[in-house]
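> got a predicted structure here, sequence first:
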Amino acid sequence: MKQSMLKELYIDELKDIYSAENQLVKALPKLAKAVNSDALRTAFENHWKETKNHVARLETIFEELGESPNGKKCKGMEGLVKEGSEMIAEDLDPAELDAGLISAAQRVEHYEIAGYGCVATYARLLGEDSAASLLEQTLSEEKAADSKLTEISEVVNAIANDEEGDEEEAGGRSSKGRGKSRAARA
């Protein structure tokens, strides 16, 4: 691939990630508000702060490139955010909602990990070492966020599974309302 074509792809992918991160800056507070698990809420709030830093890093890279970060809408992230919003609107038990939102958030993280992995590689190939370092730092943070979500999911999913079993033992009565305090302990 010619270097000029790689640079065009690099800039296009950076714009995509910039759009994705800005969509997350708006979505993460809604997720944090909707969850029942204190640990999950804290994880979403912390990642929201990190995501704002990711946006700032991308703006630094665009400034160094002399390019505008605007002009592209990340449709992949738009779809992932929509799935999370639809889940919040469903009538789910608290632990079920938390488990579902962890799954949605991990899909977001995996999308970001793939994107940052690619642009960091492009930056290195183009000799954009400063940008590559910033992108690799963000990539590392995205991987850490995914690991944290996995850790939280082990507790939340166990609670959701317990509540499902409790509901079956109670003859199919709904566990809505009584799961909130158990899920909040996660």
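Nice, thanks for sending it over. Model, not experiment: these values are computed from the prediction. Numbers count the residues shown, from 1 in each chain.
> what mean pLDDT does the helix ranked longest in the chain get?
As assigned by DSSP state H, the longest helix anywhere in the chain is helix 129-169. Mean pLDDT, helix 129-169: 88.
> what of stretch 75-85?
Mean per-residue pLDDT for stretch 75-85: 97.
> show me the contact partners of it.
16, 19-20, 23-24, 27, 30-31, 101, 104-105, 107-108, 111 (C-beta atoms under 8 Å, 6 or more residues apart in numbering). Any C-beta I mention is one placed from the backbone N, CA and C, and that applies to glycine too.
> using PDB, list the CA coordinates for it.
Output of stretch 75-85 as PDB, limited to C-alpha atoms (Å, rounded to 0.1, in the frame of the first residue of the first chain):
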ATOM      1  CA  LYS A  75     -22.100   4.000  12.700                       C
ATOM      2  CA  GLY A  76     -20.700   0.900  14.400                       C
ATOM      3  CA  MET A  77     -20.600   2.800  17.800                       C
ATOM      4  CA  GLU A  78     -24.000   4.300  17.000                       C
ATOM      5  CA  GLY A  79     -25.400   0.800  16.800                       C
ATOM      6  CA  LEU A  80     -23.700  -0.400  19.900                       C
ATOM      7  CA  VAL A  81     -24.900   2.600  21.900                       C
ATOM      8  CA  LYS A  82     -28.400   2.100  20.600                       C
ATOM      9  CA  GLU A  83     -28.400  -1.500  21.800                       C
ATOM     10  CA  GLY A  84     -27.400  -0.400  25.300                       C
ATOM     11  CA  SER A  85     -30.100   2.300  25.300                       C
END
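> in that stretch, what's buried?
Across stretch 75-85, burial judged by 16 or more other C-beta atoms under 10 Å covers 76-77, 80-81, 84.
> which of those residues fall within helices?
76-77, 80-81, 84.
> got CSV for the residues you listed, with distance to A120 too?
Conversion of these to CSV gives the following (distance: C-beta to C-beta, whole Å):
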residue, distance to A120
G76, 18
M77, 18
L80, 21
V81, 23
G84, 26
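> on that earlier part again, list buried residues within the contacts of stretch 75-85.
Among these, the ones that count as buried (16+ other C-beta under 10 Å) are 16, 19-20, 23-24, 27, 31, 101, 104-105, 108, 111.
> what's the most distant pair in these?
D16 and L101 (23.6 Å; C-beta to C-beta).
> all the strands of this structure, residue numbers only.
Under the criterion DSSP state E, the chain contains no strands.
> list the contacts of the nearest residue to V25 once chain neighbours are set aside.
Nearest residue to V25, sequence neighbours excluded (C-beta to C-beta, 6 or more residues apart in numbering): T51, at 5.4 Å. Contacts for T51 (C-beta under 8 Å, 6+ apart) come out as 21, 24-25, 28.
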